[in-house]
Each structure stands twice: as structure tokens, then as C-alpha cells.
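>>> sharing a model prediction with you, sequence too.
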Amino acid sequence: MVIFTNYIQSINKKTTIGLSLLIFLSILIWIVPEIIGFDASISLRLLAIVLLSIYVVLAFEFVHRTVIVLVVATIAITIGITTGLFQADESLEFVVQSIDFNTIGLLLGMMIIVIILAETGIFQYIGIKMGKASKGNMWKLLVMMSVFTAVTSMFIDNVTTILLMIPVTISIFKTFRMSPIPFILAQVLASNIGGTATLIGDPPNIMIGSAANIDFNSFLIHMGPTITISLIASLILFKVFFRKELKATPQNLDEIMSQDEMSFIKDRPLLIKSLSVLFGVIVLFAIHGILHIEPSFVALGGAGVLLLIAKIKPEKILHDVDWSTLIFFACLFITITIAKESGMIDILAKAALGITAGNAWASFFMVIWVSAIASAFVDNIPFAVTMIPLIEILNQNSTITSEFQSVISPLWWALSLGVGFGGNGTLIGSSAGVIAIGLAEKYGYKITFMQFFKIGFPFMIITVAVGSIVLMIDLMLKL
């Protein structure tokens, strides 16, 4: 009874602090524009408070993340209607258009493929194989898994990579009887670093490539050296951040080393079918731009084919889909789009970029840092959409064009680096992060907003600093 009473008191204390902070910050948002003489609309202020509530609730965790975004999306829609951002009879159409169904479809399709793949026992096989290769050395294992995740994210989008790797990671550490959380965090951070290197590694890169007419090879040539050095810096940071966890060794190492990994493969025919479909999906991901088809179509098509040839009841597979995470994404897209309609993101971006006064390299660093900080708190996909038109305007500035005498403006690489690395700042900064946390929770390992923030935000600041300097030097040598 005493333990239960203490638990209730801790919840109440956490809720009280969180609500008090939210009220205080909301008051500031409401009165500061008046004090500084900034003309902020009612819809802009209300939506700023609504967005703020997501982060406060996630930080203090007195409501589940899917519940809060459902409520917040509903409030945001109500604000949008009552303040005239869109008409009530157009609200359903607006909501549908706000959701990035390409992302939702990609996630759903890959979830189905991974769930069926898990039925074969392949993740346990890989877990034992990597456990044997590391011989219980946690640092060696972390390097192997982080580098593999980063490199894979260069050629498969980082969301798909995380969907494939997190079950493997959890399987390894269930065998070790240790917590996989540090390794899950490292893989999320590494996937966002690696995904920034190529045109198809991260969704914002696809949009940047389309807007600036950049091909796969140009992306890799310009971003590859920066990402390589940034990944090395990342491994050093992992060594520092996870130094306590890396000292641990599995108590059952002898048992692991003696296990036959092949014994974990439960269904060879299904494994062959699953890997064949997965390989086909990956190939189509790599050439989807040439074929002019969306990644979601590829993923959902692959999931459908695998369900057909695997002869598994769809009800069983669909039951295991992480619907909570998909709903979280859909509601977050709605909220961010309404905030964008209010002019919030445009105001923040233009104000920050206006500080540079047209100086080329000042604009370069401003794009990186504004994109990184904003992408830590706003999903990097809608922020990239907002920044692309601004980069196009900056690239028309005569001072910038005279300094950046190259076929592709360095500001595009700055935007890619900023939104790619910036997604590591918070739990909801990147799609890969949200997916990883959802999968971990599904397997019984809870990663809190603050737990991610304490590692992710300093990691983001350091890697952005390293990456921006390396990218500048590399570009100066090529200009």
C-alpha cells in the first residue's frame, strides 16, 4: 500500500510540474509578441502553445505520446477552423492532404515484411552470430552494429533500416540478458548520420534532390566525405556516452558461444520467400526515381506479395503491426501542417536567415544550424518542405552566387546536413527515432523522451558542429 501511495504521489508531482511549466511557457508565448511589438496572429500563438504541449507532455510523460498527439491534432483542427485557416466544410480534405501517406504506407508495408521475416527466426540467428563475433565485447559489438546500420541507411532509407535492425538488436540482448536501450539509441543516431549521405537515405534528401535536380552520384560525392568523418566522430561519442554500459559483459557468454545459430531458423521456405521479396523491395527503392513510383507503393506491394506467397493469415500479421506509431505519425503530420499554414515555420526560418544579410558562408552556416535545431523539434520532412523555397530564393542572391561558383549551390548540402543530423536531437525529430522507440516499447523496453534527449541533443550539437566544418572545407576545395 505504501509503495502504491508513493507511486501515485510521484505521478501527481510529475504532472503538476509539467502542467505548471506548460502554463508558464504558454503565458510567455502569448505576451512576448506584444512586448517586442511583433504582430503574431491569434492562430499563430494558439498553435505555438499546442505544439509546445506535445514536447512538455512527452518530456514529463504523464500521457502516452499517441494520446497527446490525437488530442493536440483535434485541438489544432479546431483552431484552424475557428481562426479561418481553412473552412469547416473543407476540414476533412485538409486533414487528408496533411498526412504524408507515402511515409505511412512505407512504414506499414515494411512493418508487415519485417513481422513475417521475424516468423522465420532470422533475427535470433543474426543475434547469435553477432554475439559470437563480438565475443561479448560490448564496444566491438556497438561499432559493428552502428557502422552496419549507418552504411545500410545509405542505400535503404533509414526508417526501413531501423525496422530491420531493432528486432535484431533486441534479439541479441535478450540472448545476453542485458538491456538493449543504449544500442537502440546508437543505431537511431547512426542511421540518421548514414542516411544523410545519399539521395535515397533520408526522405528530405529525396525532396532536395528533386528541387535542385541532384542525382545519386553527386549526392554521394559531396556528402560522402563529411558523413564518413561524422560517423567516426559519432563512434567516439558513443564510447563516451555509453562508457558504463560498454563495460558490462554477458553473464551467459559461454552458453552463447556454444549455441548453434542455425537451430533458430524455424521456417526455411518462408525465409527464402521473405528475403527474396525484401531484396526485390530494396532494389526497387534504389531505382524508384527512375521508375517514377513512390516508395510506399514499393513497400505495400512487397508486403502484399509476401502475404500472398507466405500463406499466412493477414489477421495474425496485422495484429502485430505497430498501429500506435502510425497514428502518432498521422496526427503529428496534421498538427505540423496546420502550424505551417499559420506561418509559424516560415516566420522562424526567415527571421533566422535574415540575420546573415546575404553573406554566402554566413547563410551556409545559418541554414545548417536553423535546420538542425528546428528539425530536432519539428519532423524534418515538413521542415525540409518549408526550407526548399527559401533556399531557392537565397540562391538567386547575387552575393551568394558570386561566392558559390558551382553547378550545385552549397546551400543545398547545408540543408541536407542540417535536417539529417538535426533529427537526432529529440525522440520525434526523425521518423527513424519514432519507429525505434515504438518497436522497443512493443518488446517491453521503454525509452523516455528525456532519456533520448539527454543523449540525442548533445550528440546532435557536436555532430552538426563537426559535420558543418568538414562540409565547408570539402566544398571550399571543390569550388
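On my side now, so go ahead. Predicted model only: the values in this text are computed from it and were never measured. Numbering: from 1, shown residues only.

>>> middle-most residue in this protein, spatially?
Ser430 (1.9 Å; CA atoms, centre = their mean).

>>> now do the phi/psi pair for it.
Main-chain dihedrals, Ser430, degrees, to the nearest 10: phi -140, psi 150.

>>> OK, contacts around the residue nearest to it when sequence neighbours are not counted?
Once flanking residues are discounted, Ser430 sits nearest to Gly423: 3.0 Å by CB to CB, 6 or more residues apart in numbering. (C-beta placed from N, C-alpha, C; glycine too.) Shown in contact with Gly423 (CB atoms under 8 Å, 6 or more residues apart in numbering): 192, 375-376, 379-380, 429-433.

>>> from those, which shows the smallest pLDDT?
pLDDT across the contacts of Gly423 is lowest for Asp379, at 70.

>>> the stretch 301-450 of the chain: strands as residue ranges?
In the stretch 301-450 of the chain, no strands are found when defined by DSSP state E, counting those that start in this stretch.

>>> so what's the residue nearest to the centre of the chain up against?
Contacts for Ser430 (CB under 8 Å, 6+ apart) come out as 158, 188, 192, 375, 379-380, 423-424.

>>> ok, Lys478 next?
Lys478 makes contact with 222, 406, according to CB under 8 Å, 6+ apart.

>>> okay, it: pLDDT?
You'll see Lys478 listed with a pLDDT of 77.

>>> related to what we said a few turns ago, which one of the contacts of Ser430 sits closest to Lys311?
Nearest to Lys311, judged by CB to CB, of those is Asn158 at 31.4 Å.

>>> list the contacts of that closest one.
191-192, 194-195, 201-202, 430-432.

>>> gap between stretch 123-142 and the chain center?
Distance of stretch 123-142 from the chain centroid (CA atoms, centre = their mean, to the nearest Å) equals 25 Å.

>>> ditto for stretch 465-476
Distance of stretch 465-476 from the chain centroid (CA atoms, centre = their mean) equals 23 Å.

>>> Glu403 is in contact with Phe364, isn't it?
No. Here Glu403 lies out of contact with Phe364, judged by CB atoms under 8 Å, at a distance of 9.2 Å.

>>> quick one, which of those two is more surrounded?
Neighbour totals were compared for Glu403 and Phe364, and Phe364 leads with 26 against 17 (other CB atoms under 10 Å).

>>> go ahead and confirm the more buried one touches Pro410.
Yes. Taking contacts as CB under 8 Å, Phe364 lies within contact range of Pro410: 5.7 Å.

>>> about what we covered before: of the contacts of Asn158, closest to Ala286?
Gly201 (10.8 Å).

>>> pLDDT wise, what is that closest one at?
pLDDT, Gly201: 80.

>>> run a quick neighbour tally on Ala88.
For Ala88, the neighbour count with other CB under 10 Å is 11.

>>> any idea how far Ile81 is from it?
The gap separating Ala88 from Ile81 is 5 Å, by CB to CB, to the nearest Å.

>>> over to Ile408?
As judged by CB to CB, Ile408 and Ile81 stand 42 Å apart.

>>> what is the burial count for the closest residue in space to Met344 that isn't next to it in sequence?
Leaving aside its chain neighbours, Met344 sits nearest to Leu44 (5.6 Å; criterion: CB to CB, 6+ apart). Residues lying near Leu44 (other CB under 10 Å) number 22.

>>> state the distance from Leu44 to Phe452.
From Leu44 to Phe452 the distance is 28 Å (CB to CB).

>>> any low-confidence regions in the stretch 351-479 of the chain?
Scanning the stretch 351-479 of the chain with the threshold set as pLDDT under 70 gives 351-353, 357-358, 382, 407, 479.

>>> fine by me, thanks again.
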